[in-house]
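Undergrad: got a structure for you, letters missing:
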């Protein structure tokens, strides 16, 4: 269940960041970006609740990129 939550949550967060950048001149996208960002983090923390372990990025912010690397490897078939 943790992996499923991360498989959904990580791309939601990434897409929300891209949408937020695009939303600078397009105000209508701002709420969509905010909702996607929040939903992505909800999935992340639900996954960690199933895992019964806190996210590693709480100790070291660089672990935020480990999740993205895992997701990219997963979708490319290398994970």
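TA: Structure received. Computed from a predicted structure; not experimentally measured.
Undergrad: Just give me the neighbour total for residue 11.
TA: 17 (other Cβ atoms under 10 Å). The C-beta positions use only the backbone N, C-alpha and C, and glycine is treated the same way.
Undergrad: Can you tell me the closest non-neighbouring residue to it?
TA: residue 71 (6.5 Å; Cβ to Cβ, 6 or more residues apart in numbering).
Undergrad: How about the contacts made by the one you found?
TA: 6, 7, 10, 11 (Cβ atoms under 8 Å, 6 or more residues apart in numbering).
Undergrad: can you tell me the helix or strand for the second one?
TA: Using DSSP states H and E, residue 7 sits in helix 2-22.
Undergrad: Show residues contacting that helix.
TA: Applying Cβ under 8 Å, 6+ apart, the contact partners of helix 2-22 are 29-30, 32-37, 39-44, 46-48, 50-51, 67-68, 70-71, 74.
Undergrad: thinking again about what came up before, if I look at the residue nearest to residue 11, how far off is residue 36?
TA: 15 Å (Cβ to Cβ, to the nearest Å).
Undergrad: cool, and residue 65?
TA: 19 Å.
Undergrad: Pick out whichever of the two has more residues nearby.
TA: residue 36 (21 against 10).
Undergrad: residues contacting the more buried one?
TA: With Cβ under 8 Å, 6+ apart, residue 36 has these contacts: 12, 13, 15, 16, 19.
Undergrad: Spatially, what comes nearest to it if we skip its sequence neighbours?
TA: residue 16 (3.7 Å).
Undergrad: Could you give me the buried positions within the helix or strand harbouring the residue nearest to residue 11?
TA: Residue 71 belongs to helix 63-75 when assigned by DSSP H and E. For helix 63-75, a neighbour-count test (16 or more other Cβ atoms under 10 Å) marks 67, 70, 71 as buried.
Undergrad: ditto for stretch 26-41
TA: Neighbour-count burial for stretch 26-41 [16+ other Cβ under 10 Å]: 29, 32, 33, 36, 37, 40.
Undergrad: Please apply the same query to stretch 40-59.
TA: Quick answer for stretch 40-59 (16+ other Cβ under 10 Å): 40, 43, 44, 46, 47, 48, 55.
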